[in-house]
Structures are given as C-alpha cells and as structure tokens.
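1. make a model of this:
(2 chains)
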Amino acid sequence: MKNFLNQFEVLIKYRYLIWILALKELKVRYRGSFLGFFWSLMNPLLLLIIYTFLFVVIFKNTAKAYPVYFFTGILPFTWFQSSILEGTNSIVAGGSFITKSTFPSEIVVIVRVVANFINYILGVPILFLFVFVWHLKIGFPVLIFPIVILCQFFISCGIAMFLSTLQVFYRDTLQIVMNLTQFLFFAMPVMYFTSQLPPKLRHIIYINPIAYLMKNYQDIFYFNYFPRPVFFILLIIISILTYILGRAYFYIYKDQFAEFV
Amino acid sequence: MSEENSIAIEVINVFKEFRRLNIKSPTSLKSRIINILKGKEKLKKKDKFLVLDDISFNINKGEAFGIMGRNGAGKSTLLKLIAGIIVPTRGTIKVRGKLTPLLELGSGFHPELTGRENILINGLILGLSKKEITSLYDQIIDFSELRDVIDQPIRTYSSGMYVRLAFSIAMNVNPDIILLDEVLAVGDAEFSKKSKAKIVEFKKKGKTMILVSHDPNSIVEVCDNGLFLEHGRVAFLGNSADVASKYKAIV
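-> Residues are numbered from 1 along each chain as shown, chains lettered A, B, ... in the order given. The predicted model follows:
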C-alpha cells in the first residue's frame, strides 16, 4: 500500500510548486496579448462556430442543441490534446529544470497537464451558460464531474510521462503524436453522435478510454445520464493504471534525461 | 561512527562515461532504424568516453572545498554528480545533509516573471515551503540590493542583477551543503566582496561548500581544501593554497 501511495507523493508534496508553475505557464502564454485569458475561451468558441456551421448548415443535422454537445466534448478534448502535445515536448524543452536542478523532473510534465486543465476549467462556465441557453437539464450526474476530471488528469499525466520519455530518445515522437491526436479526435464521437456510426462500431469505439472519457462528459452535460457503474469503475482503474505505468516508464530513464536533453 | 558523521560528502571511485554525440547518434527514429538495419548499432560502445576517471575524495562538514581545472576537465560533471542530477557510471557518492545546487546561477528563472515571482519559484524548486519563502523575502531582496526593481520582469535586469538575485536566493535558503559553480567571478567588486563575506559566515555556521572556479585567488581566499582535475583525473588533492599553486604552475 505504501508503495502504491509513493507513486503519488510528488503530486502532493510539490502541489504548490506545480500550481505556481502552471499559472506561470499560462501567464507567459498570454503575455502581451490583448485578450489574455480570453483566448482560452476564444479558441474553442471559434472551433464551435466552424463545426456548427459544418454540421447544422451543411450536413443539415437536426440534433437538438448541437453546440452544447460539441462544446461538451471539444473542451476536455482540447485539454487532453494540449496536455499530451506539450507534455511530450516538456522534458526536451525543460532546459535548466532538467539539466541543472534536482527536483523531480516529472513535475515539468505534470505542470503542462495542470496548465491546460486551468484552461479547460475556465471554459466550463461558458458550457453551463450554453446548457442554460439551450434549455438542457443538468441533474445529479454532475456530481461525478470531479471524478471524471481526475480520471482524465491521471490518464493525461500517464500518457504524457511515457511520451516525454520517448521524445528524449526519439525526437520523432512529437510528430507522430501530433498526427495521432488529430486522428483520435475524429475516431470518437465528439463532433458527431454515436448514433451516426454503423451499429457495429458503436460499442467498439468506446474501447478507447479517451472516447469513453468524452462520453462521460457528454452524459453529464448533454444527456443527463449516470454512467454505468461497471464501466465507470473500469475507467477509474484504467486511469490510475495509465498513470502508474507511464510513471514507471519515466522512472526507468529519468536519470539519463540530464545527459540527453 | 562519529568520524563517519563528520563527513558531509564522500566520493568513492567514481567514473562517469558520456556518449559522444555525433551526427550518427540516433536521436531520430529513422536513423535508429537505419542503423539497426545496417548492423551499426554495435558501434555505440566505441562512442563512449570517460569524463571522470576514478575520482575519490571526502569533504568534511564545515569545510569549503575548491575544485579547479581547465575547461572540459570534468568539473561541472563532478558537481552535477554530487548534486544528483546525473548518476555515476560506476562508484558511489554519499551526501549527508540538505544540498542546494547552484550550478548555473539563475537556472529555473523565468525572464517574463518578476524578481519576486522568481524568488518564489526558485525557493519552491530548492525545496522550501511557501511560508519559509515568504519569511525570507526581505532578507533575500535586501541582500540582492534589488528592492527597486524586484517587481519588474527579470528580463529587464542586467546580467549582474540576475546573478545577484540568484546568489541571494541560494545563500538565504539555509542549506547544509551548497554547490557553487563559478559564481564569484560575476557581479561587481563590491558584490563579490559581499558574497565572499557571506561564504565565510556560512563556514562559521558549520556549513559545507563546494566551489568550482578558475580563479586561484578566490579558491585560496575561501576554501580550506581543494582538488585539481586534469583530464578527468585527480591531479592533486590537498589544501587550497597548494591546489592553487599547482594550478598556476600548470595552466
């Protein structure tokens, strides 16, 4: 048990540093820009306009409250995608944090996930506003929202730690990951509905834990469903496992980072 | 037992190998695959070279220890090994006490953030709590003499100011062991004097210090003992005056 908890020690011990560095990350990202933090909202909103036009006007889809549906999925997907992309590059781009200091280097990776989480959470009030405007109901399923967020956090950290390690030794990793996340976006129901898929695909698609994560968000904000307990518990287990495996891989090579970066 | 405890840092038969990075070293997947296909993967072993070759020495608690040597002699590598940033290929290093690495002044500084924000981040990285840092703010800012500009982004600082801030943080976080890489050479004469005074004060408190420098005078002035590295080997180990004179004689 103690061994198990040790894996999360850095998260607890360095939580304040992680938080401060994540805020710094955002501050620097928007420094000098006129709209500042609003860009965090503008980007998904602009995407929303494009996809709503595509979906509703061109493909004449009549799904109710499509913008809510799309926004529900695109926000956490953006969080995931940016975390993974920035996370993959974080060790290589870590500079003196990696080569000159002794603090646990996984912090550099985790900071990217947290920074993008802050970005995500800033968009959530807009999502609530949308839900309100389109007269959708948010009920008790919203209680599991924090757990879904935690799951996504652990999955993202795990994947990002794994990929950041690969990136140190194989600089192609980032390019591959860029394409993969793009593919991933279309390989799951974020812009389209599950019901539009051929029946055989409808369930297979949720073998992908990221797709299942996105489904949970949609259940909370769009369908007002509780997820099935079996699947939900599976999701929690998978996210913790992803974190542990990603971290384990990271720890095998972590001592070499300072020499290769 | 008591003798054991009076030793702050033990370096025992330490070797460090680096891979020679060249165009052929596979940092891209493509070249790696090509190398494997061509059967060149075995070449890698030849690409290693020794940076540190069988280094052993002890540093007592409360001792100031100087490391001298030409560029590329392995000084910084040794310091990184002691700090635990990289691991030795063979051999052991034992460190007793809280260690503050200051390998490059201002490492981890972010130019867009203010001096005050950087103090916070740097302090957290060095392992302090938020409370401890808050209580140290005044001390750090006063020592650095940067009170007027402390809320400006540090990209507006001169390199001297930058170093002053970094040094002030490192010296005020109260470590047991401090590693300094070429710091005394920077800053103006007055600040350099102040830094040396701080180091002497440090020694009086029984803190341990390792100083890497090219300047024999500051080694003699500050350190008790020292080490002269030549091509990754210990060329001379002894008191600082002797180390400095050997260094002057050879370099």
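
2. against chain A, how distant is B:Ser166?
-> Slight slip there: residue B:166 is Ala, not Ser. According to CB to the nearest CB, to the nearest Å, B:Ala166 and chain A sit 11 Å apart. C-beta coordinates here come from the backbone N, C-alpha and C atoms, glycine included.

3. packing partners for the helix or strand containing that residue?
-> Using DSSP states H and E, B:Ala166 sits within helix B:159-172. Applying 3 or more CB pairs under 8 Å, 6 or more residues apart in numbering or on different chains; DSSP states H and E, one finds that helix B:159-172 contacts strand B:99-102, helix B:115-125, helix B:130-144, strand B:177-181, helix B:189-204.

4. run the last query once more with 7 Å
-> Other elements packing on helix B:159-172 under the criterion 3 or more CB pairs under 7 Å, 6 or more residues apart in numbering or on different chains; DSSP states H and E are helix B:115-125, helix B:130-144, helix B:189-204.

5. mean pLDDT for those helices: which is lowest?
-> In terms of average pLDDT, helix B:189-204 trails the rest of those, at a mean of 79.

6. which regions of chain B sit below the pLDDT cut-off?
-> For chain B, the stretches flagged by pLDDT under 70 are B:1-4, B:20-28, B:39-46, B:101-107, B:183-187.

7. could you chop it up by domain?
-> Domain segmentation of chain B under automatic domain parsing yields B:2-97+B:176-250, B:109-174.

8. possible to save those as CSV with distance to A:Tyr212 and mean neighbour count?
-> Shown next, in CSV, are the domains of chain B (distance: least, CB to CB, whole Å; neighbours: other CB atoms under 10 Å in any protein chain shown):
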stretch, distance to A:Tyr212, mean neighbour count
domain B:2-97+B:176-250, 30, 17
domain B:109-174, 36, 18
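
9. tell me which of these sits nearest to A:Pro146.
-> Closest of the domains of chain B to A:Pro146 is domain B:109-174, at 24.7 Å (criterion: CB to CB).

10. in stretch A:205-225, what counts as buried?
-> A:205-206, A:209-222 (16 or more other CB atoms under 10 Å in any protein chain shown).

11. which residues touch that stretch?
-> Among residues not part of stretch A:205-225, those counted as contacts by CB atoms under 7 Å, 6 or more residues apart in numbering or on different chains are A:68-69, A:72-73, A:76-77, A:80, A:127, A:131, A:136-139, A:141-142, A:144-145, A:148, A:151-152, A:155, A:184, A:188-190, A:197, A:227, A:231, A:235, A:238.

12. give the ChimeraX command for selecting the buried subset of the residues you listed.
-> In ChimeraX syntax, the buried subset of the contacts of stretch A:205-225 is picked out as below (16+ other CB under 10 Å):
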select /A:68,69,72,73,76,77,80,127,131,136,141,144,148,151,152,155,184,188,189,190,227,235,238
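
13. which stretch among the helices and strands packed on helix B:159-172 comes nearest chain A?
-> Nearest of the helices and strands packed on helix B:159-172 to chain A, taken as CB to the nearest CB: helix B:115-125 at 4.1 Å.

14. burial measure for A:Val109, as a count.
-> The number of residues packed around A:Val109, counting by other CB atoms under 10 Å in any protein chain shown, is 30.

15. chain B contacts on chain A?
-> A:16-17, A:20-21, A:24, A:28, A:31, A:96-97, A:100-103, A:170-172, A:255, A:258-259 (CB under 7 Å from any CB of the partner chain).

16. distance check, A:Ile58 against A:Leu122.
-> Here A:Ile58 is placed at a distance of 30 Å from A:Leu122 (CB to CB, to the nearest Å).

17. more neighbours: which of those two?
-> Per other CB under 10 Å, whichever of A:Ile58 and A:Leu122 has more neighbours is A:Leu122, with 15 against 8.

18. does the more buried one touch A:Met42 like I think?
-> No. Counting by CB atoms under 7 Å, A:Met42 is not a contact partner of A:Leu122; they are 11.1 Å apart.

19. on that earlier part again, closest to chain B out of the buried residues of stretch A:205-225?
-> Among those, A:Ile210 lies closest to chain B (CB to the nearest CB), at 23.7 Å.

20. what's the following helix or strand after the strand or helix carrying that closest one?
-> Assessed by DSSP H and E, A:Ile210 sits inside helix A:209-218. Remark: after helix A:209-218, the chain's next helix or strand is helix A:229-253, criterion DSSP H and E.

21. buried residues, whatever helix or strand comes next after that following helix. List them.
-> Using DSSP H and E, the helix or strand that follows helix A:229-253 in sequence is helix A:257-260. Of all the residues in helix A:257-260, those buried under the rule 16+ other CB under 10 Å are A:Phe257, A:Ala258, A:Glu259, A:Phe260.

22. pLDDT weak spots in the stretch 101-250 of chain A?
-> In the stretch 101-250 of chain A, no residues with pLDDT under 70.

23. please redo it, this time with the cut-off set to 80
-> Scanning the stretch 101-250 of chain A for pLDDT under 80 picks out the ranges A:101-102.

24. now it against chain B: closest residue?
-> Closest point on the stretch 101-250 of chain A to chain B, by CB to the nearest CB, is A:Asp172, at 4.2 Å.

25. gap between that residue and A:Thr88?
-> When distance is defined by CB to CB, A:Asp172 is 11 Å away from A:Thr88.

26. with adjacent residues omitted, what lies nearest to A:Val92?
-> A:Gln167 (5.4 Å; CB to CB, 6 or more residues apart in numbering or on different chains).

27. what do you get for A:Leu127?
-> Nearest residue to A:Leu127, sequence neighbours excluded (CB to CB, 6+ apart): A:Phe71, at 5.5 Å.

28. same question, B:Asp242
-> Sequence neighbours aside, B:Phe236 is the residue nearest to B:Asp242 in space, at 7.0 Å (criterion: CB to CB, 6+ apart).

29. distance from the one helix or strand that neighbour maps to to the middle of the chain?
-> Using DSSP H and E, the element containing B:Phe236 is strand B:233-239. Strand B:233-239 sits 18 Å away from the centroid of its parent chain (CA atoms, centre = their mean, to the nearest Å).

30. coming back round to it: can you put the helices and strands packed on helix B:159-172 in JSON lines and add distance to B:Val95?
-> Formatted as JSON lines, the helices and strands packed on helix B:159-172 follow (distance: least, CB to CB, whole Å):
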{"stretch": "helix B:115-125", "distance to B:Val95": "18"}
{"stretch": "helix B:130-144", "distance to B:Val95": "21"}
{"stretch": "helix B:189-204", "distance to B:Val95": "17"}
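
31. grab the nearest non-local neighbour of B:Glu80.
-> Quick fix: residue B:80 is Lys, not Glu. Residue nearest to B:Lys80 in three dimensions, not counting chain neighbours: B:Ile86, with 5.0 Å by CB to CB, 6+ apart.

32. can you check A:Ala160 too?
-> In this structure, A:Ala160 finds its nearest non-sequential neighbour in A:Gly87, 2.8 Å apart by CB to CB, 6+ apart.

33. show me what contacts the one you found?
-> Going by CB under 7 Å, 6+ apart, A:Gly87 touches A:Val109, A:Arg112, A:Val113, A:Ala160, A:Leu163, A:Ser164.

34. can you pull the pLDDT of it?
-> Per-residue pLDDT puts A:Gly87 at 97.

35. A helix includes it, no?
-> Yes. Counting by DSSP: H, G, I helix; E, B strand; the rest coil, one finds A:Gly87 located in a helix.

36. and the gap between it and chain B?
-> Distance from A:Gly87 to chain B, counting by CB to the nearest CB: 19 Å.
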